[in-house]
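Engineer: coords below, sequence missing:
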């Protein structure tokens, strides 16, 4: 463990009490407190190797909490999924394309008890993204957070074409999804 961080200095009930880590602290967090309190996000800078290790865990789901109507959204709004597919699957080969897609779709739908979503099968809603695995990449930056990704060819929402080659079609087929118990 680091001399900078110790569990005696950290209120494990509250992630906001963690002191700012130094370069020697990378990788040190009281994981038992994350598990015990079921926290699901980090709100600090995380070392790239740690991101890869976390994403590679079989139970890690991929999602974004970026807000569409923010005047200046976080780049993750447009870049989360393309970044995982481009950087962590294609470039770094941390896990397979199929596993990444499952982390973004079926695993999330199952975990959040959202029926008829997350897998391609008869009777399910057709929410599909057609992309080029060789070119998909995130381009959003803090300076230009709404810059769309490259490599996405078509997006279907509930079976209706919503976006083609970066141009929105005007289709508004989406709807609010609620968790089912």
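Structural biologist: Ah, there it is. Note that this is a predicted model, so its numbers are computed, not measured.

Engineer: Where does the nearest residue to residue 154 once chain neighbours are set aside sit: helix, strand or coil?
Structural biologist: Spatial nearest neighbour of residue 154, excluding adjacent residues (C-beta to C-beta, 6 or more residues apart in numbering): residue 130 at 4.2 Å. Using the backbone N, CA and C atoms, a C-beta is placed for each residue, glycine as well. The three-state assignment at residue 130 reads strand, by DSSP: H, G, I helix; E, B strand; the rest coil.

Engineer: all helices for the chain, in order.
Structural biologist: Per DSSP state H, the chain carries helices over the ranges 31-37, 48-56, 76-83, 97-104, 106-111.

Engineer: Where does pLDDT dip in this structure?
Structural biologist: 1-45, 181 (pLDDT under 70).

Engineer: Would you map the strands across it?
Structural biologist: Ranges of strands within the chain are 128-131, 152-157, 160-164, 167-168, based on DSSP state E.

Engineer: of all the ones you listed, which lies closest to residue 70?
Structural biologist: The closest of these to residue 70 is strand 167-168. By C-beta to C-beta, the value is 18.2 Å.

Engineer: Contacts for that closest one next, please.
Structural biologist: Strand 167-168 has contacts (C-beta atoms under 8 Å, 6 or more residues apart in numbering) with residue 162.

Engineer: Could you list the paired strands of it along with their orientation?
Structural biologist: strand 160-164 (antiparallel) (DSSP bridges).

Engineer: I'd say residue 114 and residue 127 touch.
Structural biologist: No - using C-beta atoms under 8 Å, residue 114 is not in contact with residue 127, being 10.5 Å away.

Engineer: Looks like residue 66 contacts residue 83 (just checking).
Structural biologist: No - between residue 66 and residue 83 there is no contact under C-beta under 8 Å: 11.9 Å.

Engineer: okay, those two: which has more neighbours?
Structural biologist: Higher neighbour count among residue 66 and residue 83: residue 83, with 22 against 16, using other C-beta atoms under 10 Å.
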